[in-house]
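> sequence? don't have it. structure:
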């Protein structure tokens, strides 16, 4: 509907021979002011030298009859134009939501386009910690929002299975007496990595020499013992990561590794000496010439850096997944400047891919203990964190007299709390995870949305027992407030994609859930004596579908019992 109003206004501008203007069409904060409002008259008044209210009246006259779904157009304040939709519009939206089911909220704005979304990118030989969990939540939601908008979306995971961190771990395995024949666990690898990283940081000359030598051997596969430790550690890490991806509900379509990107990256850098200049034995890209900073793509030892590997990765993605329209890379914003340099360099090497590459640098979610470091071992493992939050969720359910705690349900609520807390604000900003707030069943939380969904399922079941089935044949003269929020879901999904902002969906769902709970407190649904009960049940069903699909877009499960 927003697009229809905007299109009608643009037609009026053309008819009146007025140059296009940057005007807004949005929902008034107060539903009493209408369903949509535009500031077009205010925007144009100064340029045209006209009184904004008089200009608004002119637009009102021209718009009259152009929008059959608009019942009334009013002028408010200094010249805002408010639109009130007709009664049947809201009814039709509920009909559409219920008919569409799981497809409600989807659109085809990106139909026919292929989008790659790379995220999580956990490194083997290191712990999968809370930071990875939050990064996964952001990337998964971005991928799902593209899917909601019709894109052929491929989830991609790029993992660092070579590099100095691997050498740290293998050196640590040797020092701790861990052999390739050992019953190796992910925890053992984490301890070995910390042992090696600490020695390297403390500038132990012998350790540094040995770790650098191991690093070379990992790349050229020249040492049988190193190969055996590497192969065993890599396999254990990757298998463990898969258990976590299953737990959090992520399914990747393709995996890429630094080990395959490294030789390609090195060859690429050497093939473009005009772009990557020799400097003290290394190869660098002079970013200063492009308003950025210089970065090394091949180090003095001739090994490709992350930059060179990332450069090769862009082409590897195309070779394996086919031509794409957009490649999104979602990481922490700590590497924002690095990606600017990378994209600039890509413009010289792969000019056709650089414009199709988009980096989304999201903020960091911190715990009360502050930032974590896998190098020092000061990390909280993702599985431990989920388990801790799940235990707290089970305790809350038990205290509240709700559904008896179950491991599967407790995990779903824990993940709902974690993901919502990650996505509730702008993903570009840092935030703090507050467990008590995240697990609240009373608003602005994942569990609140999950509970509202489960509550509606229960209400509809009770209504059915009372002989009330959803039906739109008999409706009250005025639309309920909840109806004026429910229909906006499709718009929000579109806006979330354009802005790359999952928080627009979390905000909308929280508003919708609050409106429903107010509606339910004021209206009886399971009452066969109420002639409007079937219509109210249909509204409830539409809200249920909207919550379920909206939660799906956030990567959150919608339980039917809580």
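Perfect, I can see it now. Source: prediction; values computed, not measured.
> Need the distance between the two termini of stretch 442-450.
11 Å (Cα to Cα, to the nearest Å).
> what does it contact?
With contact meaning Cβ atoms under 8 Å, 6 or more residues apart in numbering, stretch 442-450 is reached by 393, 396, 412-413, 415-421, 424, 437-441, 509-510, 513-514, 547, 550-551, 554, 556-559, 562. Yep, even glycine has a C-beta here, placed from its N, CA and C like the rest.
> Tell me the buried residues in it?
444, 445, 446, 447, 448, 449, 450 (16 or more other Cβ atoms under 10 Å).
> avg pLDDT for it?
The average of the pLDDT scores along stretch 442-450 is 92.
> Tell me the gap between it and the middle of its chain.
18 Å (Cα atoms, centre = their mean, to the nearest Å).
> go on, stretch 481-498?
17 Å.
> what's the span of that stretch from first residue to last?
27 Å.
> I'd like the average pLDDT over it.
Mean predicted confidence for stretch 481-498 is 96.
> what does stretch 394-411 give?
76.
> Break down the stretch 101-250 of the chain into its helices, ranges please.
130-148, 164-175, 186-201, 205-220, 224-248 (DSSP state H, counting those that start in this stretch).
> Need the ones you listed in TSV (columns: mean pLDDT, mean neighbour count and distance to residue 326).
Shown next, in TSV, are the helices of the stretch 101-250 of the chain (pLDDT from 0 to 100; neighbours: other Cβ atoms under 10 Å; distance: least, Cβ to Cβ, whole Å):
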stretch	mean pLDDT	mean neighbour count	distance to residue 326
helix 130-148	96	25	8
helix 164-175	96	25	30
helix 186-201	94	21	34
helix 205-220	94	16	32
helix 224-248	96	17	23
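> out of the ones you listed, nearest to residue 296?
helix 164-175 (13.4 Å; Cβ to Cβ).
> who's in contact with that closest one?
123-126, 160, 179, 188-189, 191-197, 199-200, 207, 210-212, 214-215, 218, 226, 229-230, 233.
> returning to that earlier point: can I get the buried residues of stretch 442-450 in TSV with distance to residue 81 and secondary structure?
Formatted as TSV, the buried residues of stretch 442-450 follow (distance: Cβ to Cβ, whole Å; DSSP: H, G, I helix; E, B strand; the rest coil):
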residue	distance to residue 81	secondary structure
444	33	coil
445	37	coil
446	38	helix
447	40	helix
448	35	helix
449	34	helix
450	39	helix
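> For those residues, which two are the farthest from each other?
Farthest pair in those, by Cβ to Cβ: 444 and 450, 13.0 Å.
> what about residue 556, which helix or strand?
Under the criterion DSSP states H and E, no helix or strand holds residue 556.
> Could you list which of the contacts of stretch 442-450 belong to helices?
393, 396, 412-413, 415-421, 437-438, 509-510, 513-514, 547, 550-551 (DSSP state H).
> Now list the buried members of those residues.
393, 396, 412-413, 415-421, 438, 509-510, 513-514, 547, 550-551.
> packing partners for the helix or strand of the chain with the lowest mean pLDDT?
Ranked by mean pLDDT, DSSP states H and E, the weakest helix or strand in the chain is strand 365-366, scoring a mean of 82. Under the contact criterion of 3 or more Cβ pairs under 8 Å, 6 or more residues apart in numbering; DSSP states H and E, strand 365-366 touches helix 130-148, strand 431-432.
> Pull the distance from it to the chain's centre.
Per Cα atoms, centre = their mean, the centroid offset for strand 365-366 relative to its chain is 16 Å.
> That one pairs with which strands, and in what direction?
strand 431-432 (parallel) (DSSP bridges).
> could you give me the average pLDDT of the strand it pairs with?
Strand 431-432 comes out at a mean pLDDT of 86.
> and residue 323, which of the three is it?
coil (DSSP: H, G, I helix; E, B strand; the rest coil).
> For it, which non-adjacent residue is spatially closest?
residue 114 (7.1 Å; Cβ to Cβ, 6 or more residues apart in numbering).
> what's across from that neighbour in the sheet?
residue 152.
> Return the residues in contact with it.
Counting by Cβ under 8 Å, 6+ apart, residue 114 has contacts 151, 152, 153, 154, 321, 322, 323, 324, 325, 326.
> before we move on, what about residue 482?
512, 515, 516, 518, 519, 539, 543 are the contacts of residue 482 under Cβ under 8 Å, 6+ apart.
> Distance of the last one relative to residue 513?
In other words, residue 543. 8 Å (Cβ to Cβ, to the nearest Å).
> Which residues are in contact with residue 74?
Applying Cβ under 8 Å, 6+ apart, the residues near residue 74 are 34, 81, 82, 84.
> Surely residue 506 and residue 423 touch.
Yes: look at residue 506 against residue 423 with Cβ atoms under 8 Å: they come within range, at 5.3 Å.
> Now do the shared contacts for those two.
The contact lists of residue 506 and residue 423 share residue 554, where a contact means Cβ under 8 Å, 6+ apart.
> you'd agree residue 504 is in a helix?
Yes: assessed by three-state DSSP, residue 504 belongs to a helix.
> Check which helix or strand the spatially closest residue to it that is not a sequence neighbour maps to.
Sequence neighbours aside, residue 496 is the residue nearest to residue 504 in space, at 4.4 Å (criterion: Cβ to Cβ, 6+ apart). Using DSSP H and E, residue 496 sits in helix 489-499.
> List the neighbours of that helix that are in contact with it.
By Cβ under 8 Å, 6+ apart, helix 489-499 touches 1-2, 97, 104-107, 109-110, 145-146, 148-149, 501-502, 504-505, 508, 512, 546, 549-550, 553.
> so it versus helix 130-148, what angle?
120 degrees (axes from the mean of the first three to the mean of the last three Cα atoms, to 10 degrees).
> For the helix or strand where residue 95 lies, which helices and strands make contact with it?
For residue 95, the element it lies in under DSSP H and E is helix 87-100. Contact here means 3+ Cβ pairs under 8 Å, 6+ apart; on that basis helix 87-100 packs against helix 483-486, helix 533-553.
> Got the phi and psi for residue 278?
Here is the backbone geometry of residue 278 (degrees, to the nearest 10): phi -70, psi 130.
> low-scoring pLDDT stretches of this structure, where are they?
368-378, 400-405 (pLDDT under 70).
> any idea how it splits into domains?
As assigned by automatic domain parsing, the chain contains the domains 2-85, 119-366, 406-553.
> Same list (those domains) but as TSV, adding distance to residue 385.
Output for the domains of the chain, formatted as TSV (distance: least, Cβ to Cβ, whole Å):
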stretch	distance to residue 385
domain 2-85	37
domain 119-366	5
domain 406-553	8
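> Residue 379: which of these is closest?
Across the domains of the chain, closest to residue 379 is domain 119-366 (Cβ to Cβ), at 4.1 Å.
> Quick one: end-to-end length of the closest one, please.
19 Å.
> how far out from the middle of the chain is that domain?
The answer for domain 119-366 is 21 Å, by Cα atoms, centre = their mean.
> Please report which of the contacts of residue 482 has the highest neighbour count.
residue 539 (30 neighbours; other Cβ atoms under 10 Å).
> returning to that earlier point: so what's the residue count around the residue nearest to residue 504?
26.
> Likewise for residue 96?
14.
> Would you mind confirming that it is in contact with residue 103?
No: assessed by Cβ under 8 Å, residue 96 is found out of contact with residue 103, at 10.0 Å.
> how about the helices in the stretch 251-400 of the chain?
258-270, 306-321, 336-349, 382-399.
> Make TSV out of those and add distance to residue 330.
Output for the helices of the stretch 251-400 of the chain, formatted as TSV (distance: least, Cβ to Cβ, whole Å):
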stretch	distance to residue 330
helix 258-270	18
helix 306-321	14
helix 336-349	11
helix 382-399	17
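> For residue 118, find the nearest of the ones you listed.
helix 306-321 (8.0 Å).
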